[in-house]
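Peer 1: sequence and predicted structure below; questions after.
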Amino acid sequence: MRDYQRVADAVAEEIGSGSLRPGDRLPPQREFARRHGIANSTATRVYQELARRGLTVGEVGRGTFVRAASPATAPALTEPATTRIDLELNYPVVPEQSALLAEGLGGLLRPDALAHALRPAGAAALPAVQDSAADILAAGGWRPDPARILFAGNGRQAISAVIAALVPPRARLGVEELTYPVVKAIATRLGITLVPLPMDGAGLIPEALEEAHATAPLHAVYAQPRLHNPLSLTMPTSRAERLAEVLQKLGIPAVEDAIWSFLHNERPPLASHAPEQTVLIDSLSKRIAPGLTLGFVVAPPTLATDITATLRAAGSAPMRFALEAAHRWQQDGAVQKLVEAKQREAAIRQQIAARHLDGFAVQSDPRSYHCWWRLPHRWRADTFVAAAARHGIGVVPAAAFTVGDNHAPNAVRLGLATPQPDALSQALATLAELGRSAPEDLVTD
């Protein structure tokens, strides 16, 4: 074994054991050569060998760094599978994401800037950050008043705090008949009764809201007017206007979940039609990156004090680092570039789904990262989920989105964002084969 290979193996062992962590900077090559008692030319070959193995990455003007773990290769579909393809969690990531975000963080890593970014932050943050947040949330000609924007640690904390502030225990919260599963968990924890509200092809039916409120008062309604999860529906303007009229007539607030709306940002939110009745919630996790979370709450002045107090009491204040990072990414254009890239990627993944699931009863939107599959009659959703799992594919049954005692549709939701495109295509091809078969076809002696 040559000297440079022996030294490279030793460094590789340090990386494998965790002694050297992702992001650690290796010493300059001359210093490395002195430490290891080797020639400068040998140190150069060591660094080249580490890069060839994918263990390090060189950055011009900064040095050589231990690389983060590479993405797993696309798994093969076997029966039973040894590697899982996740169509449950749904976090879009695009190839240019890390480079765009790293560039914007450069200035934030200066000691003085980092010291400021690591200080505590409140729910209202700073005016400059609120102004950037207003630009991030702007859609369809609407831009929120920056002074109305509050912040939480993530979108789920924002939803939980807003619901807790608006709906007391044992009170009633109206929700679409298929709703975000996290809201079901929040309601259970808070002791709130969820009231399922019927939907049609345009989303929540305003008259159904009126009827439910007449039966027993609702304290608020939670809805996803744009790219509803799991149905991918978006309310037409006429429906949003009618819903706003009903909210104003009944005098109840709406909690508008806009987490996926960045994919359909030419349509203004419900909050633009009923600004004094609507609390809009959004986050960074889908739009930018799942690992750096930040929740947004656009609240009418009449509700802001209670929501702020609930955020504070729940310990849901944001990290100032996330606030500063979001501000810088908005200012340097990274947010818009990521939104556009993820919009393009969503369209590509929908094309993959349409190709494999052609002929099935699939509901979606070309801009969405998920689709709703009403299964063939010979399949029950729970049986199909189990069969998919045998092939190493995780999908979500309709029961996860169904409220109360309502009968769950015979359907599953497919999240398209997480796997690499090749793995997604393989998974959907396998699911299509399952859909064309019957449960009894899978029984073996």
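Peer 2: Good, I have the coordinates.

Peer 1: list the buried residues in the top helix by length along the chain.
Peer 2: The helix that spans the most residues within the chain, counting by DSSP state H, is helix 334-356. Applying a neighbour-count criterion of 16 or more other Cβ atoms under 10 Å, the buried positions in helix 334-356 are 334-335, 338-339, 341-343, 345-346, 349-350, 352-353, 356. For glycine as for every other residue, the C-beta is placed from the backbone atoms N, C-alpha and C.

Peer 1: average pLDDT for the helix or strand containing S238?
Peer 2: Taking DSSP states H and E as the criterion, S238 maps to helix 237-250. pLDDT averaged over helix 237-250 equals 97, rounded to a whole number.

Peer 1: by contact count, what packs against that helix?
Peer 2: Using 3 or more Cβ pairs under 8 Å, 6 or more residues apart in numbering; DSSP states H and E, the elements in contact with helix 237-250 are strand 203-204, helix 206-215.

Peer 1: go with 10 Å
Peer 2: strand 203-204, helix 206-215, strand 220-223, strand 254-257, strand 278-283 (3 or more Cβ pairs under 10 Å, 6 or more residues apart in numbering; DSSP states H and E).

Peer 1: list the helices and strands the longest helix of the chain packs on?
Peer 2: Counting by 3+ Cβ pairs under 10 Å, 6+ apart, helix 334-356 packs on helix 97-105, helix 127-137, helix 320-331, strand 361-363, strand 370-374, helix 421-436.

Peer 1: return the distance of the last one from the chain's centre.
Peer 2: Relative to the mean C-alpha coordinate of its chain, helix 421-436 is positioned 23 Å out (Cα atoms, centre = their mean, to the nearest Å).

Peer 1: convert that helix to PDB, retaining C-alpha atoms only.
Peer 2: In PDB, the C-alpha atoms belonging to helix 421-436 read as follows (Å, rounded to 0.1, in the frame of the first residue of the first chain):
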ATOM      1  CA  PRO A 421     -37.000  10.400  -9.000                       C
ATOM      2  CA  ASP A 422     -35.800   7.000 -10.100                       C
ATOM      3  CA  ALA A 423     -36.900   5.400  -6.800                       C
ATOM      4  CA  LEU A 424     -40.300   7.300  -7.000                       C
ATOM      5  CA  SER A 425     -40.800   5.800 -10.500                       C
ATOM      6  CA  GLN A 426     -40.000   2.300  -9.300                       C
ATOM      7  CA  ALA A 427     -42.300   2.600  -6.300                       C
ATOM      8  CA  LEU A 428     -45.200   3.900  -8.400                       C
ATOM      9  CA  ALA A 429     -44.700   1.200 -11.000                       C
ATOM     10  CA  THR A 430     -44.900  -1.400  -8.200                       C
ATOM     11  CA  LEU A 431     -48.000   0.200  -6.700                       C
ATOM     12  CA  ALA A 432     -49.700   0.300 -10.100                       C
ATOM     13  CA  GLU A 433     -49.000  -3.400 -10.400                       C
ATOM     14  CA  LEU A 434     -50.600  -4.000  -7.000                       C
ATOM     15  CA  GLY A 435     -53.600  -1.900  -8.100                       C
ATOM     16  CA  ARG A 436     -54.100  -4.000 -11.200                       C
END
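
Peer 1: now do it and strand 370-374, the angle between them.
Peer 2: When axes from the mean of the first three to the mean of the last three Cα atoms, to 10 degrees is applied, the directions of helix 421-436 and strand 370-374 differ by 10 degrees.

Peer 1: what's the model's confidence in helix 421-436, averaged?
Peer 2: According to the model, helix 421-436 has a mean pLDDT of 96.

Peer 1: buried residues in it, which are they?
Peer 2: Neighbour counts using 16+ other Cβ under 10 Å place A423, L424, S425, Q426, A427, L428, T430, L431, A432, L434, G435 of helix 421-436 among the buried residues.

Peer 1: nearest the geometric middle of this structure, what residue?
Peer 2: K286 (3.3 Å; Cα atoms, centre = their mean).

Peer 1: what's near enough to touch the nearest residue to I352 once chain neighbours are set aside?
Peer 2: For I352, ignoring the flanking residues on the chain, the nearest one in space by Cβ to Cβ, 6 or more residues apart in numbering is S425 at 5.3 Å. The neighbourhood of S425, defined by Cβ atoms under 10 Å, 6 or more residues apart in numbering, consists of A74, R349, I352, A353, R355, H356, P419.

Peer 1: of the residues you listed, the lowest pLDDT goes to which?
Peer 2: Comparing pLDDT over the contacts of S425, A74 scores lowest. The value there is 39.

Peer 1: tell me the SS of L292?
Peer 2: Remark: L292 carries the secondary structure label coil [criterion: DSSP: H, G, I helix; E, B strand; the rest coil].

Peer 1: find the nearest non-adjacent residue to it, please.
Peer 2: What sits nearest to L292 in space, not counting adjacent residues and going by Cβ to Cβ, 6+ apart, is A322, at 5.6 Å.

Peer 1: returning to that earlier point: nearest to R170 among the buried residues of helix 421-436?
Peer 2: When the buried residues of helix 421-436 are ranked by distance to R170 (Cβ to Cβ), L431 comes first, at 41.6 Å.

Peer 1: I'd assumed A389 was in contact with that closest one.
Peer 2: No: because the distance of 11.4 Å does not satisfy Cβ atoms under 10 Å, L431 is recorded as not touching A389.

Peer 1: one step back: between the buried residues of helix 334-356, which is nearest A164?
Peer 2: The nearest one, if we look at the buried residues of helix 334-356 relative to A164 and count by Cβ to Cβ, is V335, at 29.1 Å.

Peer 1: just the pLDDT at the closest one, thanks.
Peer 2: For V335, the model assigns a pLDDT of 95.

Peer 1: now do the one 4 residues further on
Peer 2: Looking at V339, its pLDDT is 96.

Peer 1: element containing Y4, please.
Peer 2: Under DSSP H and E, the secondary-structure element containing Y4 is helix 3-17.

Peer 1: now for that helix, which elements pack on it?
Peer 2: Packing contacts for helix 3-17, counted by 3+ Cβ pairs under 10 Å, 6+ apart, involve helix 29-36, helix 40-52, strand 56-59, strand 63-66.

Peer 1: residues contacting it, please?
Peer 2: 1-2, 19-22, 24, 26, 32-33, 36-39, 41-53, 55-56, 66-67.

Peer 1: tell me the angle that helix makes with helix 40-52.
Peer 2: Helix 3-17 and helix 40-52 meet at an angle of 40 degrees, taking the same axes, to 10 degrees as the criterion.

Peer 1: pLDDT (mean, whole number) over helix 3-17?
Peer 2: Rounded to a whole number, the mean pLDDT of helix 3-17 is 87.

Peer 1: in it, which residues are buried?
Peer 2: Within helix 3-17, the residues that qualify as buried by neighbour count (16+ other Cβ under 10 Å) are Y4, V7, A8, V11, A12, I15.

Peer 1: ok, now how distant is the second one from E31?
Peer 2: Per Cβ to Cβ, to the nearest Å, V7 is found 14 Å from E31.
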